[in-house]
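*Asks:* Sequence and predicted structure, then a few things I'm wondering about:
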Amino acid sequence: MSTAPGSGANPNPNPNPNPNFNNSEIPKNVYHIAGIPVEFPYKPYGTQFTFMYRVISTLDRALKEGRCHALLESPTGTGKSLSLLCSTLAWQQNYKLNNLQGNLPNSTPAPEAITDPLGHGGGFIPETQPSSIAPSRISKPSQHAADSKKKKKKLAPTIYYASRTHSQISQVIREYRKTSYRVPMAVLASRKHYCTNPRVLGADNIDEECKLLLRNQGEGCFEYKNMHKIKCHPSLQKGGCHEAHDIEDLVKVGQVVKGCAYYASRSMADDAQLVFCPYSYIVNPIIRGAMDVDIKGAIIILDEAHNIEDIAREAGSVDLEEDALLKLKMELEQLYMIDATIYQPLYEMTQDLIGWIDQRKSTLEKHEFQHYFSWTGDKALRQLQEANISQQCFPILLDCATRAIKAASDTESDVRHISGMSVITLEGLFSSLTYFFSRNGSHIFDYQLALQRYLKKDGKNAFGSWTCSLSLWCLNPAVVFRDIADLSLSVLLTSGTLSPMNSFSSELGVQFGNYLEAPHVIDVKSQVWSAIISHGPGNYQLDASYKTADQYAFQDALGKSLEEICKIVPGGSLIFFPSYKLIEKLCNRWRKTGQWSQLNARKPLFVEPRGGNQEEFENVLKGYYDSVSQGKKPALGRKRRMKKTDDNVIESTEFTNCEGAAFLAVFRGKVSEGIDFSDDNARVVIVVGIPFPNINDTQIALKKKYNNTYQSSKNLLSGSEWYCHQAFRALNQALGRCIRHKYDYGAIILLDWRFQQEKNRSYISKWLRPSIRVYESFEKSLDELRSFFRDVKSNHCGQQLSSLAKYDATFPQMKLKSDVAVQTSVQVDKDKRTCKEYIDLECNSPKDSRI
């Protein structure tokens, strides 16, 4: 079979491009992107081609220049996770093959590509010279890693795939199972998720109970001793049913062989080429060290990274209550009699710190319901010196703290040590102090030392009790993130909603070599009805700002607006509000006026529960899903029967023809993050107001002030601009709940007049922005909303079947804008078992290009 002219495809391709996986039952589509064969389980969308090209170009450039990082946004429903996995694993595999074949030293780019890589075909080495360079360009593994268990020379950089929650990691692993790639893998998680010992499972502090049991020389932990049985279990080996496994799979194997899944996963991570883990295992240096996570020279994928700035600041900060310091002091007082060299300096430091707090308590400034005072820079340094924590003595204290923590973590020693809670106290304090004093004290102005006195609610006292806490707040996420960027080969920050994107580089202190704001895979004009509705019934202006949100007129107009929308929209409705406080006010008002009953008659109402109780949230979510599912059945004369759970589910026992359900949720809550509301589960996403952070929050006010102070010297956004970015990133994340795949459809409605302002619309995600309609007439907007659902419902089934048939016949052509010109050519190998299509992308992109 001849090669299409100008394709650059290899006419005699390797029949098995992935030596790590040889499952002939899975069809393979192989696409050559920038000279690297990428196996993809389906025919990729144009957006996916673009995305994979940007990933591979970033990794190639990282090898040539020492490191390179990327900021990649691809809307929800465009197959981002699958594209990430296939492109990074293909690149890793290509690196390993060239390393094994000894081709690396001979692989060189064109001379002109050295000075301008992205200006000359992306700087990629032609296919005859595979795109990789010698592994010597990657920094050698750290001494810490060599001293642990990682003594094997790595054939390629390890890929760390991190996401926000364990449930999101499970979703990504499901995508990994769809690929043909199989490499040694591991999933890192806490004992809470992995422990299989029935005696420890029910404990309040599983970590502490586990360590105590391991130190018990007489009894010990039987599961721990059988850890190797999990690692060597046939189901986890090459070709096994759990070769691509998640947390639940490893726990099941542990239960069968009576082995410890937690320590097995840590052992598997030592040799893994692909490691899945939560953010904290990468971003937080304490957890990174405790879990032996070596990111030096690694490829780090931070998925759902829209909150990475906040996460990095939190990783560099600490809040310590006075009670925790008193507990630590009591334990150290007992231990320094045993080993004064370790524990006496720590005891004296803790005693001085508590004394400093006592002196400052009475002089705290009053701010509403809490008292606080804060210091930064030289003033913060002087306050710490008064507690005998200085730049000069800190290295000694850090050494003592490290040894104390190590002694507490030693599972084979029976020597007395500090408790697990005190370990957490020491780790948090010294992690933040290490950043504070790092780089010869250059970060002292990036921190705010704060002492607070506030009412803490507890079960003993209905009004709460006064509590003091010492805080060291990091106001510059670059302090933490720069270390990660410098250690790794490449950091890929990705999300469906990174927009607005221009704050990431300055806030994180990193230059990104690649940017992407990818288009959606859907036809936005026909599949999404997006609108700004500025006025409700009776032409009342809708304004959910703090100035008018408490007014009954606004609350009544909003309730009536939602009722009219719910009459039209089929299936589920997600309604997002800036705060729980506003939801409570609205619910109370609507119950008094009867609006709640009117809404509930149209769609059963569910409210996102406040707090972190996962079981309660899952019960409410299940109720919502069930109600939407039941709404698909003929409803006339059907009596709704739903369990009432406080205010989270409000039932109506009257006969009705209601359809679907409505979920009242908050921006930045669980409903807005990573939960699948595809198809009828979210036919409309309604946003009420703009979710600006609480301006009365002390840390928010300090961060705004910090950005204003260092706007010029650190090239930061102004405080108000940063504040707007925080709001609209949360808003865009909520909007992404509507469209979850190529054939999904729905409405996105912005209920607030402020969205009419061009400056506010400019912050909305690029894929949605051009299609947003603006209505001042509420009745006109309802007419068009009604027409949209009538038309899309009648056309959807036929269009989907037609599109699927067309999709099976030909792959989508790429339609890229601006600087990327794509030429595609296809070579199909009519093998009975595989279908291989080779696509070469010839891209002329300027450096640091954006789409």
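*Replies:* Structure's in. What do you need?
*Asks:* so where's the chain shaky on pLDDT?
*Replies:* Across the chain, the ranges flagged by pLDDT under 70 are 1-28, 102-153, 217-218, 365-370, 412, 458-462, 612, 631-658, 796-851.
*Asks:* Please, where are all the helices along the stretch 251-400 of the chain?
*Replies:* 261-271, 280-283, 285-290, 308-315, 322-335, 340-361, 377-386, 394-409 (DSSP state H, counting those that start in this stretch).
*Asks:* Please name whichever of those is nearest to Y552.
*Replies:* Nearest of the helices of the stretch 251-400 of the chain to Y552, taken as C-beta to C-beta: helix 308-315 at 34.8 Å. (C-beta placed from N, C-alpha, C; glycine too.)
*Asks:* what's that closest one packed up against?
*Replies:* With contacts taken as 3 or more C-beta pairs under 8 Å, 6 or more residues apart in numbering; DSSP states H and E, helix 308-315 sits against helix 280-283, strand 465-474, helix 478-487, helix 504-508.
*Asks:* rerun at 7 Å
*Replies:* The contact analysis (3 or more C-beta pairs under 7 Å, 6 or more residues apart in numbering; DSSP states H and E) places helix 308-315 against helix 280-283, helix 478-487, helix 504-508.
*Asks:* Hmm, N29 is touching Q48, no?
*Replies:* No: assessed by C-beta atoms under 7 Å, N29 is found out of contact with Q48, at 11.5 Å.
*Asks:* Look at these two and report which has more neighbours.
*Replies:* In this view N29 and Q48 are compared by other C-beta atoms under 10 Å, and Q48 has more residues nearby, 26 against 21.
*Asks:* Surely that one and G79 touch.
*Replies:* Yes: using C-beta under 7 Å, Q48 is in contact with G79, at 5.3 Å.
*Asks:* can you give me the offset of stretch 438-447 from its chain's centre?
*Replies:* Distance of stretch 438-447 from the chain centroid (C-alpha atoms, centre = their mean, to the nearest Å) equals 28 Å.
*Asks:* what's the span of it, first residue to last?
*Replies:* 12 Å (C-alpha to C-alpha, to the nearest Å).
*Asks:* How are the strands of the stretch 101-250 of the chain distributed by residue range?
*Replies:* 159-163, 185-187 (DSSP state E, counting those that start in this stretch).
*Asks:* Turn those into TSV, columns for distance to C210 and mean neighbour count.
*Replies:* Output for the strands of the stretch 101-250 of the chain, formatted as TSV (distance: least, C-beta to C-beta, whole Å; neighbours: other C-beta atoms under 10 Å):
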stretch	distance to C210	mean neighbour count
strand 159-163	24	24
strand 185-187	18	24
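*Asks:* how about those strands, which one is nearest Y454?
*Replies:* strand 159-163 (32.9 Å).
*Asks:* Check which helices and strands that closest one sits against.
*Replies:* The contact analysis (3+ C-beta pairs under 7 Å, 6+ apart) places strand 159-163 against helix 166-178, strand 274-278, helix 280-283, strand 299-302.
*Asks:* Tell me how many other residues crowd the residue nearest to N388 when sequence neighbours are not counted.
*Replies:* Leaving aside its sequence neighbours, N388 sits nearest to D352 (C-beta to C-beta, 6 or more residues apart in numbering; 4.5 Å). Neighbour count for D352, taken as other C-beta under 10 Å: 15.
*Asks:* What of K379?
*Replies:* Counted by other C-beta under 10 Å, the residues lying close to K379 total 12.
*Asks:* do the same with R177
*Replies:* 12.
*Asks:* Hmm, A244 and it touching each other?
*Replies:* Yes: using C-beta under 7 Å, R177 makes contact with A244 at a distance of 4.7 Å.
*Asks:* roughly how far apart are the closest residue to A298 other than its chain neighbours and Q273?
*Replies:* Leaving out its chain neighbours, the residue that sits closest to A298 by C-beta to C-beta, 6+ apart is T158, at 4.8 Å. Distance, T158 to Q273, by C-beta to C-beta, to the nearest Å: 6 Å.
*Asks:* cool, and A298?
*Replies:* Going from A298 to Q273 by C-beta to C-beta gives 10 Å.
*Asks:* Between the two, which contacts overlap?
*Replies:* T158 (C-beta atoms under 7 Å, 6 or more residues apart in numbering).
*Asks:* Show me which of those two is the more surrounded one.
*Replies:* Set A298 next to Q273 and count neighbours by other C-beta under 10 Å: A298 wins out with 24 against 20.
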